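Q: fold the stuff below for me.
(one chain, ligands or ions: 1)
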Amino acid sequence: MKKILLSLCFAAAALGAQAAAPCTPVGLRCEHLETPLGIDAPAPRLGWRLDDSRSGALQRAYRVVVGRDSAAVAAGCGDVWDSGRTDSDGMLVRYAGPKLDPFTRYYWAVTVWDKDYARSSSGVAAFETGMMGAGNWQGCWISDHHDINHKPAPYFRKEFSVGKRVKSARAYVAAAGLYELHINGRKVGDHRLDPMYTRFDRRNLYVTYDVTRQLQDGANAVGILLGNGWYNHQSGAVWNFERAPWRNRPAFCFDLRIEYADGTHEVVKSDLDWRTSGGPLVFNSIYTSEHYDARLEQPGWSSPGFDDSAWGGVMYRGAPSQRVTAQQTVPIRNVTEYRPRSVRKLDERSYLYDFGQNMAGVTKLRLRGEAGTQLRLIHAERLREDGHADLSNIDVYFRPTDKDDLFQTDVVTLSGRDDEFMPRFNYKGFRYVEVVADRPVELSAENLTAYAMHSDVTPVGHIETSNDLVDKLWDATNKAYLSNLMGYPTDCPQREKNGWTGDGHLAIETALYNYDGITVYEKWLADHRDEQQPNGVLPDIIPTGGWGYGTANGLDWTSTIAIIPWNLYLFYGDTKPLEDCYENIKRYVDYVDRRSPGHLSSWGRGDWVPVRSQSSLELTSSVYFYVDATILARAAALFGREADRKHYEALAGEIRGAINDKYLDRATGIYASGTQTELSVPLMWGVVPEEMVAKVAGNLARKVAEAGFHLDVGVLGAKAILNALSENGHAETAYKVAVQDTYPSWGWWIVNGATTLLENWNLEATRDISDNHMMFGEIGGWFFKGLGGIKPDPEAPGFKHILLRPNFVGPEEFEASHDAPCGRIVSAWTRRGNTVTYRVRIPANSTATLYLPANVDGGKVHQLGAGSHTLTLRVAK
Ligand code: RAM
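A: As a prediction, the model looks like this:
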């Protein structure tokens, strides 16, 4: 019977492939990841896109099959789940078959029916389940016997033997703190800083590796090195990380599951039979640095046959939390290598390396020198006048409790052999490194290499124009963004490394236009849910060991809980993040509602780091209250929660009314005292009454022109101002602000040599002066929106339908492209005099409505189908 079924499937698949050559489903992903290992999601999301370049390409129906046998799945048969032919243009579905087993590789494929009802099938993709529940772990949480103050990092090892042919092997590692996994003398994988930072007492992440090829016949050894990370913070800083409630000596739990060719399996696990010792990593702090004494290396520690008789025993430890779940997100990696642009000998003991680019990451030192030579590697963003490294802009919140703990300064002691050192459990923000030795040394460019580290998100956006400043701003924005993405978005990679909520949501659109970041944000939203108080309150840094529940953790910062899932919905068309956060958003909005009887709120921090003018805190916070209530009402509508929809729609209306009653002068069209921020924020967030929009926008444009197209905003105004102008008929003005290059402006940073975005408009400021901040980063996203005009449509999210509102201002040559889930969108033009040649690409299974600006072809509206379009347009003067 099975045979007959199979041959039927084969016939069907062959038919499909033949008939549908011009359209193929490609880019198959599970949980927004390619071939993920060790997932825990009970109903994994399966997504694809169409490779179909015909105009008007679309999907009429799909059929997803999931099975354990790849050949059967290739033939169109799924023994686990078959969605059946489903008439739908959807390209993201949730697995809806029987309960998935743990430790199982599932294959899947999709067949689609294209615009002509021709059928074609994808290749076979796979996902693999992991623990699927805490009860499936066999290992125990173990640690060494030291306390939280002990500095050297613990190394652990165990030997085991493999006597049969191995079919596959998977290592599952959960750690409180950070770890490196080694098998038979080599580090496994290229991840850095695993597992990601979570609220360790609420949720711990484990990572899965395919280690089939690392195992060998006979004797094998596994080694684990643990770092402190955010779990056992030994450095002092104003955020009290060292007093986190979860603090403890790092610990781990480990299962190595070996499947043999004969169908049996075995688990090598963490237990009391492991051995432990200190080693060369004599100090490690995620916040400050690492100290390494190469003389203490123990070659072969993770290889079989190593003599561990001097090592000690381990002890059991309680699980740090009851929720140990899969780390379902892209890993942090050393993504970009930088060779020094210059090396200067400052004196016979010190050298200054310039890597030409500000970044978050580490440096690798390779050197042979006299045994016992000690080198300090000072990582800095700035130089003093005398050419030495200057930490004064970033060490201000460091509260050293120990004279040996040096800020952003690795300390390496040489062994006399060829030494190599790169921090394992730390990263820094820097462009320069000053190497200072305790005795004369000879160093050159060969001795030091820098690596930019970040969550290794795939780039999905590109801007290229004939204006160099635009291109540089786009690049610096992305560099700042990546420097601040370490499994959660941070404010800066040096002074704080904090998951400041405001910085996170202010950057979300720039983030999603440029990078495929959904898995990072889903993880961060889970951190939000872990942190939320029963009454709805969120701290303004997430995760946190307790700091951040002050008074300023209000609407303009902690609205992440609504704004981030909403944007994920817009950019990916995926409702899951909104669903997961629905109750949390509700609790948050209800809390604000309870404390705001008049529907206005001053809960927040306000327009942080403004150029000059102060804006009304109540106005800006209340606008974010309106934004949250609106998102909640839309989410309620989406999920068919009618009572909620009504309630929060009414609430949003009341907030909007209260804001306009108190702050809008209807005669003049001015909000509050009329600062750039006070005019921009209500415009961008849709608070201004329809009939007043033109007037308020006109006021803003005038105000900006009076300032010589300079900014006078803080972070909230910087988020809003370009959009407020370009969306309301003042694109030319917005562009002049965007490319302004005298103070105060974004461009002023670039002409002064910035390679990332800064924290302060004023280069002479004495506080809030990190050189790698993302909170002013909206400009990078605005190029896609305000110039390219590529916008998601809330009615058909995930760019299923695209709102195209290009503004042909600024550069004569402009191209924006964005790889949406359904494929690449391009909006590009060449402008010569009054003629614009406009090129658009709409991906398969998507459509667009093109709204031309009022002065272009009479503001015509075009409906565009999938495919490439070129329009020749006249711009009226
Ligand atoms: C600063 C951070 C961050 C900002 C907060 C309010 O210390 O660097 O960017 O969100 O303060």
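
Q: which stretches of the stretch 551-700 of the chain form strands?
A: Taking DSSP state E, counting those that start in this stretch to define them, one finds strands in the stretch 551-700 of the chain at 664-665, 670-671.

Q: avg pLDDT for the last one?
A: Translated: strand 670-671. The pLDDT scores in strand 670-671 average 98.

Q: flag every residue of this protein that's near the ligand.
A: 491-492, 496, 500, 502-503, 605, 608, 773, 775 (Cβ under 6 Å from any ligand atom). All C-beta atoms are positioned from the backbone trio N, CA, C, and that covers glycine.

Q: give me the buried entries from those residues.
A: 491-492, 496, 500, 502-503, 605, 608, 773, 775 (16 or more other Cβ atoms under 10 Å).

Q: now, the most widely separated pair of these?
A: The distance between the two most remote of those (Cβ to Cβ) is 16.4 Å, for Cys492 and Arg605.

Q: re earlier: so of the residues of the chain next to the ligand, which ones are in helices?
A: Among the residues of the chain next to the ligand, DSSP state H puts 502-503 in helices.

Q: quick one, phi/psi of Ala294?
A: Torsion angles at Ala294 (phi, psi; degrees, to the nearest 10) stand at phi -60, psi -20.

Q: please disregard the earlier target; I meant Pro154.
A: Torsion angles, degrees, to the nearest 10, at Pro154: phi -80, psi 140.

Q: for Pro152, same thing?
A: phi -60, psi 140.

Q: list the contacts of the residue nearest to it when sequence neighbours are not counted.
A: Using Cβ to Cβ, 6 or more residues apart in numbering and skipping residues adjacent in sequence, the residue nearest Pro152 is Gly278, 3.8 Å away. When contacts are counted by Cβ atoms under 8 Å, 6 or more residues apart in numbering, Gly278 touches 152-155, 296.

Q: make a ChimeraX selection of the buried ones in those residues.
A: Of these, the buried ones go into a single ChimeraX selection, burial set by 16+ other Cβ under 10 Å:
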select :152,153,154,155
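
Q: ok, so of the contacts of Gly278, who is nearest Leu256?
A: The nearest member of these to Leu256, counting by Cβ to Cβ, is Tyr155 at 17.2 Å.

Q: what number of residues lie near the residue lying closest to that closest one once chain neighbours are set aside?
A: Sequence neighbours aside, Gly279 is the residue nearest to Tyr155 in space, at 4.8 Å (criterion: Cβ to Cβ, 6+ apart). Here the number of neighbours of Gly279 (other Cβ atoms under 10 Å) works out to 16.

Q: Gly279 touches Pro299, doesn't it?
A: No - counting by Cβ atoms under 8 Å, Gly279 does not reach Pro299; the two are 10.6 Å apart.

Q: export the buried ones among the residues of the chain next to the ligand to CSV and tack on pLDDT and distance to Leu763?
A: Formatted as CSV, these follow (pLDDT from 0 to 100; distance: Cβ to Cβ, whole Å):
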residue, pLDDT, distance to Leu763
Asp491, 98, 19
Cys492, 98, 16
Glu496, 98, 20
Trp500, 98, 22
Gly502, 98, 23
Asp503, 98, 20
Arg605, 98, 23
Trp608, 98, 18
His773, 98, 14
Met775, 98, 17
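
Q: so the nearest residue to Leu193 once chain neighbours are set aside bridges to which residues?
A: Excluding the flanking residues, the one nearest Leu193 by Cβ to Cβ, 6+ apart is Ile332, at 4.8 Å. Taking DSSP bridges as the rule, Ile332 bridges to Arg192, Ser455.

Q: then the one 4 residues further on?
A: Beta bridges link Thr336 to Ala452, judged by DSSP bridges.

Q: list the residues that contact it.
A: Contacts here follow Cβ under 8 Å, 6+ apart; on that basis Thr336 touches 359, 451-452.

Q: by neighbours, which of those wins?
A: Neighbour tally across the contacts of Thr336 (other Cβ under 10 Å): the maximum, 29 neighbours, falls on Met359.

Q: tell me which element it falls in.
A: Per DSSP states H and E: Met359 is located in strand 350-368.

Q: so in that sheet, which strands flank the helix or strand following that strand, and in what orientation?
A: Counting by DSSP H and E, the next helix or strand C-terminal to strand 350-368 is strand 374-380. Using DSSP bridges, the strands paired with strand 374-380 are strand 409-413 (antiparallel), strand 428-437 (antiparallel).

Q: okay, those, which one's buried deepest?
A: Most buried of these, by mean neighbour count (mean count of other Cβ atoms under 10 Å): strand 428-437, with a mean of 25.
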